[in-house]
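Q: sequence unknown, structure follows:
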């Protein structure tokens with residue numbers, strides 16, 4: 001598929017719509033912006049059917065020798081996108097800067113409704129496979145869940161570390177930041193397109209977990225009257241727990257997890273602190289627990 005016509009009018013309706021996608025409420029339009037070479041490349045490879053258009057600076061498309069080293073990665077992305085029948089539009093550099101200050105020369109527009117449908121279907125398939133669980137070929141699920149996480153940087157970092165840790169899915173529980181928020185998408189560095197990220201109510205989440213035999217471990221320092229926090233290293237050496245499908249549930253950055261949510265989990269765990277710091281932020285805590293779980297699980301297979 002050839003490149004589309006050059007976009008060079010800063011006042012065009014198309015450019016105006018692209019600029020609006022960078023705003024907080026852009027997800028209401030069922031479109032969202034994917035910014036930067038790494039994120040666009042992963043979207044092209046793993047979410048082609050949900051891509052609407054790709055926009056790249058004109059200089060990157062021309063391929064002159066003087067700037068070939070600077071734009072070679074962009075040209076490779078364009079080449080792959082065209083081979084997958086994506087619509088690619090060259091734009092003037094001043095227009096690209098207007099569309100996104102974080103583009104590094106390339107952005108894409110994706111359909112959030114399409115991606116949401118795909119992710120929900122994939123998540124349902126995970127549930128069904130966990131329910132069936134063939135005895136000799138059962139791979140326990142690993143899920144990162146977040147309750148009312150509001151900061152897009154934190155949410156994006158959790159998606160990225162969940163991807164690194166080999167999680168099967170990420171679940172946003174209750175009223176979280178939009179999965180299509182521009183800062184969140186940037187923070188995932190492409191991981192948003194590697195695993196299903198779904199949004200569920202509290203009730204739907206715990207019903208799904210129960211049906212799929214997913215053991216929910218809450219990350220919380222206080223616990224409840226009935227469930228006391230267990231140091232996370234003890235969780236990792238408990239063969240009964242580790243051999244099960246597991247979800248680690250993280251709370252809101254400021255308020256943690258409320259009692260009515262904690263009362264529905266199977267276990268509560270705390271990260272021990274060996275130094276003088278009082279606590280860790282949400283993204284760091286998620287990295288410690290998800291990677292600890294991943295390394296423990298993989299170590300048992302060796």
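A: Perfect, I can see it now. Just so you know, these numbers come straight off a predicted model, no measurement behind them.
Q: Strands of the stretch 51-200 of the chain, residue ranges please.
A: For the stretch 51-200 of the chain, the strands defined by DSSP state E, counting those that start in this stretch cover 51-57, 88-91, 106-111, 142-147, 169-173, 197-200.
Q: Can I get these in CSV including mean pLDDT, mean neighbour count and distance to residue 265?
A: For every residue, glycine as well, the C-beta is placed using N, CA and C. Compiled in CSV, the strands of the stretch 51-200 of the chain are given as follows (pLDDT from 0 to 100; neighbours: other CB atoms under 10 Å; distance: least, CB to CB, whole Å):
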stretch, mean pLDDT, mean neighbour count, distance to residue 265
strand 51-57, 96, 22, 37
strand 88-91, 95, 22, 46
strand 106-111, 96, 25, 33
strand 142-147, 98, 25, 10
strand 169-173, 99, 24, 11
strand 197-200, 98, 22, 15
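Q: show me what contacts residue 228?
A: Applying CB atoms under 8 Å, 6 or more residues apart in numbering to residue 228 gives the contacts residue 268.
Q: That one: what secondary structure?
A: At residue 228 the chain is in coil, as set by DSSP: H, G, I helix; E, B strand; the rest coil.
Q: For it, give me phi and psi.
A: phi -90, psi 150 (degrees, to the nearest 10).
Q: How much space separates it from residue 237?
A: 18 Å (CB to CB, to the nearest Å).
Q: nearest residue to residue 180 other than its sequence neighbours?
A: residue 32 (3.6 Å; CB to CB, 6 or more residues apart in numbering).
Q: Quick one, grab the pLDDT at the one you found.
A: For residue 32, the pLDDT comes out at 95.
Q: Equivalent analysis for residue 69, please.
A: pLDDT at residue 69 comes out at 57.
Q: Map the structural domains onto the sequence of the chain.
A: For the chain, automatic domain parsing gives the domain ranges 13-111, 133-301.
Q: mind checking the SS state of the residue nearest to residue 180?
A: Secondary structure, three-state DSSP: residue 32 is strand.
Q: Was I right to think it contacts residue 23?
A: No: in this structure, residue 32 is not within contact of residue 23 by CB atoms under 8 Å, at 10.6 Å.
Q: More neighbours: the two, which one.
A: A count of neighbours by other CB atoms under 10 Å puts residue 32 above the other of residue 32 and residue 23, at 25 against 13.
Q: so how far is residue 109 from that one?
A: For residue 32 relative to residue 109 (CB to CB), the value is 7 Å.
Q: what sits in contact with each of the two?
A: In contact with both residue 32 and residue 109: residue 21, using CB under 8 Å, 6+ apart.
Q: can you count the residues close to residue 80?
A: 14.
Q: Please tell me how far it sits from residue 127.
A: Distance, residue 80 to residue 127, by CB to CB: 33 Å.
Q: Over to residue 246?
A: From residue 246 to residue 127 the distance is 14 Å (CB to CB).
Q: With neighbour numbers in mind, choose between these two.
A: Per other CB under 10 Å, whichever of residue 246 and residue 127 has more neighbours is residue 246, with 22 against 18.
Q: Check what pLDDT the more buried one gets.
A: According to the prediction, residue 246 has pLDDT 97.
Q: Please name the strands paired to the helix or strand hosting it in the sheet, noting orientation.
A: Using DSSP states H and E, residue 246 sits in strand 245-250. Strand pairing for strand 245-250, using DSSP bridges, gives strand 142-147 (parallel), strand 214-219 (parallel).
Q: how about those strands in JSON lines, adding distance to residue 55?
A: Formatted as JSON lines, the entries for the strands paired with strand 245-250 read as follows, by distance: least, CB to CB, whole Å:
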{"stretch": "strand 142-147", "distance to residue 55": "31"}
{"stretch": "strand 214-219", "distance to residue 55": "39"}
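Q: between the ones you listed, which gets nearest to residue 279?
A: When the strands paired with strand 245-250 are ranked by proximity to residue 279, the top entry is strand 214-219, at 11.6 Å, counting by CB to CB.
Q: Done for today, thanks.
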